[in-house]
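[1] next comes the sequence, and after it the predicted model I'd like to discuss.
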Amino acid sequence: MRLHSLFSQAQAHLRHYFTFNRQDKRVLLLLLLSAVLLKITAEWYFYRRVAETTLPSQTLQAAATWLEQQQTAAASEQAAVVFDAAGKPIVNAAYFPFDPNQITLEECLQLGIKQYVCNNLIKYRQKGGAFKKKEDFGKLYGLSAAEYQRLEPFLQLPASVGAEPETSFSTASPPPTSSPAPDLVLQLQPFNPNEWSEQECKQMGLPAAVCKTIQNFLAKGGTFRIKSDVAKIYSLPPDLYRQLEPYIQLPAERTSAAANNALATNTNTNTPTVASVLAPFDPNLLNAQQAEALGLSAAQFKSIRKYVEKGGVFRKKEDFKKMYVISEEEYRRLEPYIEIAATPPTALQLLNINTATIAEWLQLPDMNENIAQDIVNYRSKLGGFVELAQLREVKSVKSAWLSKIKNRLQVDPAQVQRLNINRLSEAELARHEYIAYSVAVAIVQMRQKAGAFTSVAQLAENPAISAEQYKKIAPYLRID
């Protein structure tokens, strides 16, 4: 009974929801007819628009041609894209033969090489570096192995470029390099390359890379003995050497005495000594370059310098023979060239750091021309030194070296060039190495408000100038 009752109720609900009266049926029929009419109208309108916009055959042909051109261009662009080992595209890479020793930054970037890698290449060349074989290019910092493999077929290097270090000389003829640029202006004058500073080299118009190579060679104790030694400088074009050769103040070839000395035998080792070019020298003032030119080893020079630094003095030629590192045969070979001052110093002569020339600085042990040039340049910026400690401000001067050599130096503060604070402008004062522009402005403003200075000490009262700043700049200022 209960089941029958539930079934009856379900039937009643279905009849209630799915039974339509006459009005409902009319509404449904009207909706159906409207839908059919709307579909027919839409299809008719679509076909009518297609018929109206049908293009002439010429227009269709032009459109087809344009589409083909676009597809061809896209295919060419896709073909121009290069992929690295990881499958990543290298966009806009161009390929052409190139020499990494001559390639420009723009050409480097065109090869698809990263910007910082191209910058590393240019900086390496500016510092005197050179690529002598293809594998050297693969060692460029930042260049991956995949990039090197991609570019290796396009590398072109002169076949005769040697593998000698940049600061050494090859025994072969110099590598073929390009002739000097037409706009290279040389200001030639007689010179000795052993006494040449990098600045003097550049002033004569030589390329910076050549000047750097020469300085590296000299800094490592190298010596030019004859004119043709200069021709062995890597990166010096043969044409440029031919222009320099008449101005080089060196022998054209080894003298017979020098040739014999070059083959002299050390009795202690029975091995040939270093090739030497003998010239007068004072053992009290012997430097590394002179020692090498005389055929002395680095160990022999070190012992001689240590003796001098500890207060030893060579007063006569025979004193040099007493050095245990100098054999009897070596003394006989060098004795004719020993020249000791008539009044030898009782102690080491002090070097005035405010007047010493580069040549005088080179008399000190462990000194090279680069460091000497840095000291002289910094002294010019300051206007002179007022104390020895200021030498530590020169970047190339090591504290350990200065501590060892300071007993051979002296300074005269009276020789310092001073700035007139009653006359100079902010810009002129700010050119000094120690005077910041803000300090220069404070000095001028104080002068404009209170009138001319009567004493440099008045600056200590200026709140814009710290006590430390005042102490540092005061020795370089004056009022008249």
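    Cool, the structure landed. Keep in mind it's a predicted model, so treat the numbers as computed, not measured. Residues are numbered from 1 along each chain as shown.
[2] pLDDT weak spots in the stretch 301-450 of the chain?
    The stretch 301-450 of the chain contains residues with pLDDT under 70 at 310-311, 342-349.
[3] how about the helices of it, start to end?
    317-321, 328-334, 358-361, 369-382, 399-405, 426-430, 437-450 (DSSP state H, counting those that start in this stretch).
[4] got JSON lines for the ones you listed, with distance to Ser144 and mean neighbour count too?
    (Glycine included, C-beta is placed from N, CA and C.) Shown next, in JSON lines, are the helices of the stretch 301-450 of the chain (distance: least, Cβ to Cβ, whole Å; neighbours: other Cβ atoms under 10 Å):
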{"stretch": "helix 317-321", "distance to Ser144": "58", "mean neighbour count": "16"}
{"stretch": "helix 328-334", "distance to Ser144": "54", "mean neighbour count": "16"}
{"stretch": "helix 358-361", "distance to Ser144": "44", "mean neighbour count": "16"}
{"stretch": "helix 369-382", "distance to Ser144": "35", "mean neighbour count": "17"}
{"stretch": "helix 399-405", "distance to Ser144": "40", "mean neighbour count": "13"}
{"stretch": "helix 426-430", "distance to Ser144": "46", "mean neighbour count": "16"}
{"stretch": "helix 437-450", "distance to Ser144": "45", "mean neighbour count": "16"}
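[5] these: which one's closest to Ala146?
    Nearest to Ala146 among the helices of the stretch 301-450 of the chain is helix 369-382; the distance by Cβ to Cβ comes to 38.8 Å.
[6] phi first, then psi, for Leu155.
    According to degrees, to the nearest 10, the main-chain angles of Leu155 amount to phi -70, psi 130.
[7] just Lys139 next, same as before
    Dihedral angles of Lys139 (phi, psi; degrees, to the nearest 10) stand at phi -90, psi 0.
[8] among the helices of the stretch 301-450 of the chain, which is nearest Gly129?
    For these, proximity to Gly129 was assessed by Cβ to Cβ; helix 369-382 is nearest, at 17.2 Å.
[9] what's the neighbour count on the closest residue to Asn119 other than its chain neighbours?
    Leaving aside its chain neighbours, Asn119 sits nearest to Leu105 (7.5 Å; criterion: Cβ to Cβ, 6 or more residues apart in numbering). Leu105: 13 surrounding residues under other Cβ atoms under 10 Å.
[10] so how far is the longest helix anywhere in the chain off the chain centroid?
    For the chain, the longest helix by residue count, based on DSSP state H, is helix 22-52. The chain centre lies 82 Å from the centre of helix 22-52; the measure is Cα atoms, centre = their mean, to the nearest Å.
[11] and that helix, what does it pack against?
    Counting contacts by 3 or more Cβ pairs under 8 Å, 6 or more residues apart in numbering; DSSP states H and E, helix 22-52 is packed against no other helix or strand.
[12] from now on call the first residue 26
    Sure, I'll start counting at 26 from here, so that last one is helix 47-77.
[13] any idea of the mean pLDDT for that helix?
    For helix 47-77, mean pLDDT is 78.
[14] now do stretch 487-500
    Summarised as a single mean, pLDDT over stretch 487-500 is 91.
[15] can you tell me what sits against stretch 454-465?
    Stretch 454-465 has contacts (Cβ atoms under 8 Å, 6 or more residues apart in numbering) with 403, 406-408, 444, 446, 451-452, 468-469, 489-490, 494, 497-498, 501.
[16] what's the offset of it from the middle of its chain?
    Counting by Cα atoms, centre = their mean, stretch 454-465 comes out at 28 Å from the chain centroid.
[17] buried set for stretch 434-448?
    For stretch 434-448, a neighbour-count test (16 or more other Cβ atoms under 10 Å) marks Leu434, Val436, Val441, Leu444, Ile446 as buried.
[18] got a list of contacts for it?
    Contact partners of stretch 434-448, identified using Cβ under 8 Å, 6+ apart, comprise 375-380, 407-413, 416, 453-454, 457, 460, 468, 472, 477-478, 481, 484, 500-505.
[19] ok, now stretch 223-232?
    Residues contacting stretch 223-232 (Cβ under 8 Å, 6+ apart): 205, 209-214, 216, 233, 235-237, 239-240, 260, 265, 395, 398.
[20] how long is it end to end?
    Start and end residues of stretch 223-232 are separated by 11 Å (Cα to Cα, to the nearest Å).
[21] now the strands: where do they sit in the stretch 276-425 of the chain?
    Using DSSP state E, counting those that start in this stretch, the strands found in the stretch 276-425 of the chain span residues 376-377.
[22] any idea how far Gln494 is from Tyr501?
    Here Tyr501 is placed at a distance of 12 Å from Gln494 (Cβ to Cβ, to the nearest Å).
[23] related to what we said a few turns ago, mark which of the contacts of stretch 223-232 are buried, thanks.
    Using 16+ other Cβ under 10 Å as the burial test, those include Pro205, Phe216, Val235, Cys236, Lys237, Ile239, Gln240, Ser260, Leu265, Gln398 as buried.
[24] excluding chain neighbours, what is closest to Glu394?
    Glu394 sits nearest to Leu243 (Cβ to Cβ, 6+ apart), 5.6 Å away.
[25] does the one you found count as helix, strand or coil?
    helix (DSSP: H, G, I helix; E, B strand; the rest coil).
[26] where's the closest residue in space to Arg503 that isn't next to it in sequence relative to Glu493, distance?
    Excluding its sequence neighbours, the residue lying closest to Arg503 (Cβ to Cβ, 6+ apart) is Arg443, at 4.0 Å. For Arg443, the distance to Glu493 (Cβ to Cβ) stands at 19 Å.
[27] what sits against Gly408?
    Contacts of Gly408 (Cβ under 8 Å, 6+ apart): Val441, Gln442, Arg443, Leu444, His457, Tyr501.
[28] which of those residues fall in strands?
    Counting by DSSP state E, these place Leu444 in strands.
[29] can you redo the contacts of Gly408 as CSV with distance to Trp221?
    Listed next are the contacts of Gly408 as CSV, based on distance: Cβ to Cβ, whole Å:
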residue, distance to Trp221
Val441, 29
Gln442, 27
Arg443, 33
Leu444, 33
His457, 30
Tyr501, 32
